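**Q** quick one, what's the 3D model for this:
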Amino acid sequence: MIYLALFWEFLKIGMFSFGGAYGAIPMIRETVISNGWLDENMFTNIIAVSESTPGPIMVNTATYIGNIQAGFLGAIVATLGVVLPSFLIILLIASLLKNTLKNRYVQAALNGIKPCLAGVILATGTYMIFSIIVGSISSPVFDLTALIIFGLLTVGIILWTKFQKKEISPIVLIVFSAVLGLILY
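**A** Here you go, the predicted structure:
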């Protein structure tokens, strides 16, 4: 039954992903590809749409994948599965373990996890850039237009940061990317 599979797989992702959506993308990708729910190209598109729409990326991704697989009810089931663990953990922490986060051992463990998460996020970003520009490893197709857009975005971010002395808004990047996509594709 697809509803149970969606709930269970996204529940596992919600339980075992640490560090937010960017840390969860490899888990989501593995789950979606291994279950045959999406191919690499469609998954990359879903991630792009999930990042561009309001709301948490992990929730948006679960909702879109659930909708693709089983319609509106599938979207609800997948979304419930991915948010339930976080909701229960926050509820537990808020009610029972208020002082636990102040514990030096807990702080040490969380500080030890941070570099690992940075690596996972960097690897995910690198993988996404590679898969968009080169395609899948099994059937590589070089996309010069995607490389040009990536290059223009990179140069734009560097110039903005250098001259404005502040970070560029993600909204500006999304709009600029959309305009480039419309022009170049």
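**Q** hey, let's count contacts and neighbours off CA atoms from now on
**A** Will do.
**Q** domain map for the chain?
**A** 2-142, 144-185 (automatic domain parsing).
**Q** most tightly packed of these?
**A** Using mean count of other Cα atoms under 10 Å, the stretch among the domains of the chain with the greatest mean number of neighbours is domain 2-142 (a mean of 16).
**Q** and that domain, how far out from the chain's middle?
**A** Offset of domain 2-142 from its chain centre (Cα atoms, centre = their mean, to the nearest Å): 6 Å.
**Q** what's the longest helix along the chain packed up against?
**A** The longest helix of the chain (DSSP state H) is helix 57-96. The contact analysis (3 or more Cα pairs under 8 Å, 6 or more residues apart in numbering; DSSP states H and E) places helix 57-96 against helix 2-16, helix 21-34, helix 40-52.
**Q** and the angle for the longest one with helix 21-34?
**A** The directions of helix 2-16 and helix 21-34 differ by 150 degrees, with axes from the mean of the first three to the mean of the last three Cα atoms, to 10 degrees as the criterion.
**Q** the nearest residue to Val32 once chain neighbours are set aside and Lys12, how far apart?
**A** Sequence neighbours aside, Leu38 is the residue nearest to Val32 in space, at 5.9 Å (criterion: Cα to Cα, 6 or more residues apart in numbering). From Leu38 across to Lys12, the span is 18 Å (Cα to Cα, to the nearest Å).
**Q** got it, and Ser169?
**A** Here the criterion is Cα to Cα. By it, Ser169 lies 32 Å from Lys12.
**Q** same check on Ile25?
**A** Ile25 is 13 Å from Lys12, by Cα to Cα.
**Q** equivalent analysis for Leu122, please.
**A** To Lys12, Leu122 is 22 Å away according to Cα to Cα.
**Q** what's the answer for Ala5, then?
**A** Separation of Ala5 from Lys12 (Cα to Cα) stands at 11 Å.
**Q** also Pro140?
**A** 31 Å.
**Q** over to Ala21?
**A** Distance, Ala21 to Lys12, using Cα to Cα: 14 Å.
**Q** low-confidence regions, this protein specifically.
**A** Applying pLDDT under 70 to the chain picks out residues 19.
**Q** restricting to C-alpha, output stretch 82-92 in CSV.
**A** Provided in CSV are the C-alpha atoms of stretch 82-92 (Å, rounded to 0.1, in the frame of the first residue of the first chain):
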residue,chain,number,x,y,z
VAL,A,82,8.3,13.7,7.8
VAL,A,83,7.1,16.3,10.4
LEU,A,84,5.9,13.9,13.1
PRO,A,85,9.3,13.0,14.6
SER,A,86,10.4,16.6,14.9
PHE,A,87,7.1,17.6,16.4
LEU,A,88,7.3,14.8,19.0
ILE,A,89,10.9,15.5,19.8
ILE,A,90,10.3,19.3,20.3
LEU,A,91,7.3,18.5,22.4
LEU,A,92,9.3,16.1,24.6
